[in-house]
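Asker: Any chance you could fold what I've pasted below:
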Amino acid sequence: MQQYSNQQNLVLLQIFSHFLSETYKVEKSLIEYFSAKTEFIHPFTQPLFTIAAYAFDLLLKYTPNLNAIKIVKPGIYMKSSRGELEYVEYIRSKKGNTEYYDSWSKLGQKHFKEAWPDLFFNNEAHFFHGCLVHGHPVEQCLYKRKNTSPHTRNMFGTKLTDAYEQTNKKMSLLKKNNSSILKIVEIYSCQWQKLKRENDGIKQFLENEFVDPPLCRLNPKLSCK
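Answerer: Here you go, the predicted structure:
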């Protein structure tokens, strides 16, 4: 009996060793292939290709508008989505010359204890909410994602209902504790996508004035915002 058990363990160990060997070979081949110089930008390059492949598959399956996903340059763009950039630039174009606080300005974002507005100017705080990250209620979200319920968890493991409550609580505390803020504007990603389709002024701005950020390798975690 003992001998049989030892033989079984040896077989399992050999199988596991073979599996590891094959895995490393595949990994090496993928690194060599995707690290080769090319005129195309590929999200699966070292060292992110395994995580990126998984995240990108999720994006393909669950994102209704893949055209909204952009690859942006590290640095000031790292924590911002394309939709947020479009919204911020559009609002700035409408308000004219003033002092802006956002991820793309020299001043950076305006920091409050409760939250950091995506755009702040003239005592107005603007927030561009990603629908999954901030738990946009399923019955209100225009994306109409399949297999999504209030108990679905976002990429941070938080239930959508909890994420929505947390967002509303931050907004309430921000307004309560900062009398200098005269106006708080919130817009969700799906609402912005709808405005882009229906508002001629926004369409014209995006076609004629908006400038895409410089491209680089995709960071899948940040692209899920």
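Asker: Just the helices from this protein, written as ranges.
Answerer: Per DSSP state H, the chain carries helices over the ranges 2-34, 49-62, 82-95, 160-177, 189-198, 200-208, 220-223.
Asker: quick one, what contacts S180?
Answerer: Taking Cβ atoms under 8 Å, 6 or more residues apart in numbering, we find S180 in contact with N123. Using the backbone N, CA and C atoms, a C-beta is placed for each residue, glycine as well.
Asker: Let me fix that, I meant to ask about N154.
Answerer: 132-133, 135, 160, 163.
Asker: which one among these gets closest to Q109?
Answerer: Nearest to Q109 among those, counting by Cβ to Cβ, is V133 at 16.4 Å.
Asker: one step back: how about the helices of the chain in JSON lines, adding mean neighbour count and mean pLDDT?
Answerer: Listed next are these as JSON lines, based on neighbours: other Cβ atoms under 10 Å; pLDDT from 0 to 100:
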{"stretch": "helix 2-34", "mean neighbour count": "10", "mean pLDDT": "70"}
{"stretch": "helix 49-62", "mean neighbour count": "14", "mean pLDDT": "57"}
{"stretch": "helix 82-95", "mean neighbour count": "19", "mean pLDDT": "89"}
{"stretch": "helix 160-177", "mean neighbour count": "15", "mean pLDDT": "94"}
{"stretch": "helix 189-198", "mean neighbour count": "17", "mean pLDDT": "94"}
{"stretch": "helix 200-208", "mean neighbour count": "12", "mean pLDDT": "93"}
{"stretch": "helix 220-223", "mean neighbour count": "17", "mean pLDDT": "50"}
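Asker: Can you get me a residue count around the nearest residue in space to S103 that is not next to it in sequence?
Answerer: What sits nearest to S103 in space, not counting adjacent residues and going by Cβ to Cβ, 6 or more residues apart in numbering, is S80, at 4.8 Å. Burial measure for S80: 20 neighbouring residues, criterion other Cβ atoms under 10 Å.
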